[in-house]
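Asks: Here is a sequence together with a model predicted from it:
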Amino acid sequence: MEMIKIPKREAAWRCPSNIALVKYWGKKGPQIPANASLSFTLADLYTETKLLLTDQANVIEVFLDGVHRPDFEPKIYDFCRRIADLLPWLGSHGLKIETHNNFPHSSGIASSASGLGALALCLAELDACIKETPMDFMLASNLARLGSGSACRSISGAAAMWGEHPDYPGSSDYYAISVDHLLHEQFQGWMDAVMLVETGSKSVSSTQGHALLQEHPYAQSRFQEANRNMSRLKQILLEGNIWAFAELVESEALQLHAMMMCSTPSYMLMQPGTLSIIRKVREFREQSGIPVVFTLDAGANVHVLFPGQHRSYLGETLFPNLEKACEGGKYICSSIGAGVKTLT
Ligand code: DP6
């Protein structure tokens, strides 16, 4: 193997989590999405990762909050195998990864998007140093995708889309692009209150869920519908049509869970608390005229999206009512915005 000179051995990055509005659910080949997806970036929910390149080839060590976590390492070994062609220098080194999430590890908020995103940013920085080129955020997003599909959307702006789609010039199956320029002022300053209905790990992981789409009777119609929703969402974001936004985003969340409920084997990740919150969000929207909009990821927690100017009013009216369905009465609020940051 050709010895590559490594000018820099350490990098540290912060990367936020994201919540999809149109969902990525189903993939082909090596992390190629079956349909395009679009998400808001959760600027205040992030992972911070420091990466150290060692001379022990192929030895990976992961530390979460200073504690050695061998249980995280198999996923990183897999990730390194997938990115080996993109980063040829990686094969002759080992990795020491020190990572920290600013949200509780057991909160049920997935850390794979922010975690793989932060690691991908560190690797892209080291690669840029080796090649003596500027940092390539497209490469970072591509690497993140190979770690966890949805992670690629955390790197590119406050709103990002991933997956080739005719209505989105420059879109790609390999990396996400920012769609911040599509956001009408109606969508500036929105926030996400994540209602923690169920903490701890999920009974069926996203990766297992994606695999069940392969034999799914409704898979092809779902992929087509998602791509149609991407076209509709583009118009909605441009026009600032918040009521159409609510309709589309909520339908996407329910379609995601409907696909789980009719796969073989079927499964359900929503809990009674999830349904109770969904009902209360819809009732509150109708009665108050305030655009509160729910969405779900692949779990029981409910993301409640709303324009930030209503935060204190919602904190006195709606949220105390939703808290009742949350484990320990807990929810976490985040602003929507870009949040990638170098820490060195
Ligand atoms: C429901 O990105 O977690 O959150 O690529 O297998 O790591 P892998 O899956 P992952 O799937 C995310 C699924 C989702 C929808 C979304 O974020 O678009």
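Replies: Done, it's in.
Asks: Torsion angles phi and psi at W162?
Replies: phi -140, psi 140 (degrees, to the nearest 10).
Asks: and it, what does it touch?
Replies: 24, 33, 36-38, 141, 145, 149, 152-153, 171-173, 175-177 (Cβ atoms under 8 Å, 6 or more residues apart in numbering). Bear in mind the C-beta positions are built from the backbone N, C-alpha and C, glycine included.
Asks: Among these, name the buried ones.
Replies: 24, 33, 36-38, 141, 145, 149, 152-153, 171-173, 175-177 (16 or more other Cβ atoms under 10 Å).
Asks: What values do phi and psi take at the nearest residue to A113 once chain neighbours are set aside?
Replies: Among residues not flanking A113 along the chain, A151 sits closest, at 4.4 Å (Cβ to Cβ, 6 or more residues apart in numbering). Main-chain dihedrals, A151, degrees, to the nearest 10: phi -60, psi -30.
Asks: all strands of the protein, in order?
Replies: For the chain, applying DSSP state E gives strands covering 10-22, 27-28, 32-33, 37-54, 60-64, 67-68, 94-101, 159-162, 176-178, 190-195, 293-296, 302-307, 331-335, 341-342.
Asks: and the third one, how far from the chain's centre?
Replies: Meaning strand 32-33. Centre-to-centre, strand 32-33 and its host chain are 15 Å apart (Cα atoms, centre = their mean, to the nearest Å).
Asks: From here on, call the first residue 209.
Replies: Right, with 209 as the first residue, what we last looked at is strand 240-241.
Asks: thinking H392 is in contact with L446, fair?
Replies: Yes. Using Cβ atoms under 8 Å as the test, H392 is close enough to L446 to be in contact (6.1 Å).
Asks: Name the helix or strand of this structure that has the lowest mean pLDDT.
Replies: helix 414-419 (a mean of 91; mean pLDDT, DSSP states H and E).
Asks: List the buried residues in it.
Replies: S414, G417, H418.
Asks: ok, now stretch 368-382?
Replies: A368, M369, W370, G371, H373, Y376, S379, S380, D381, Y382.
Asks: Stretch 231-240 now?
Replies: Neighbour-count burial for stretch 231-240 flags K231, Y232, W233, G234, K235, Q239 (criterion: 16+ other Cβ under 10 Å).
Asks: Apart from its chain neighbours, what residue comes closest to the first one?
Replies: What that stands for is K231. Among residues not flanking K231 along the chain, L464 sits closest, at 4.7 Å (Cβ to Cβ, 6+ apart).
Asks: Test my guess that that neighbour contacts W233.
Replies: Yes. Applying Cβ under 8 Å, one finds L464 in contact with W233, separated by 5.6 Å.
Asks: what residues does this structure put near the ligand?
Replies: Within the chain, the positions near the ligand by Cβ under 6 Å from any ligand atom are 228, 231-233, 239, 245, 320, 356-358, 414-415, 418, 464, 505-506.
Asks: which one among those residues gets closest to K258?
Replies: Nearest to K258 out of those is S320 (Cβ to Cβ; 18.3 Å).
Asks: What residues does A506 make contact with?
Replies: A506 makes contact with A318, K410, V412, S413, S414, G417, L464, M468, L477, according to Cβ under 8 Å, 6+ apart.
Asks: what pLDDT does the closest residue to S474 other than its chain neighbours get?
Replies: Leaving out its chain neighbours, the residue that sits closest to S474 by Cβ to Cβ, 6+ apart is M468, at 7.2 Å. For M468, the pLDDT comes out at 97.
Asks: One more: the one 10 residues further on?
Replies: For M478, the pLDDT comes out at 96.
Asks: ok, now K216?
Replies: pLDDT for K216: 83.
Asks: what's the answer for M211, then?
Replies: 64.
Asks: Next: N266.
Replies: Predicted confidence (pLDDT) for N266: 89.
Asks: Now do the domain split for this protein, please.
Replies: For the chain, automatic domain parsing gives the domain ranges 218-390, 393-543.
Asks: From what I see, A328 and D344 are in contact.
Replies: No. Judged on Cβ under 8 Å, A328 makes no contact with D344 at a distance of 11.0 Å.
Asks: Of the two, give the one with the bigger neighbour count.
Replies: Neighbours were counted for A328 and for D344 using other Cβ atoms under 10 Å; A328 has more, 30 against 16.
Asks: Could I get the full set of helices for the stretch 409-552 of the chain?
Replies: Along the stretch 409-552 of the chain, the segments classed as helices by DSSP state H, counting those that start in this stretch run 414-419, 427-447, 450-469, 480-496, 519-524, 526-531.
Asks: Can you list the buried residues in the fourth one?
Replies: By 16+ other Cβ under 10 Å, the buried positions in helix 480-496 come out as G481, T482, S484, I485, I486, K488, V489, F492, R493.
Asks: Over to the fifth one?
Replies: Residues of helix 519-524 classed as buried under the neighbour-count rule (16+ other Cβ under 10 Å) are R519, L522.
Asks: Please apply the same query to the longest one.
Replies: Within helix 427-447, the residues that qualify as buried by neighbour count (16+ other Cβ under 10 Å) are 427, 430-431, 433-435, 437-438, 440-442, 444-445.
Asks: go on, stretch 256-266?
Replies: Within stretch 256-266, the residues that qualify as buried are E256, T257, K258, L259, L260, L261, counting by 16+ other Cβ under 10 Å.
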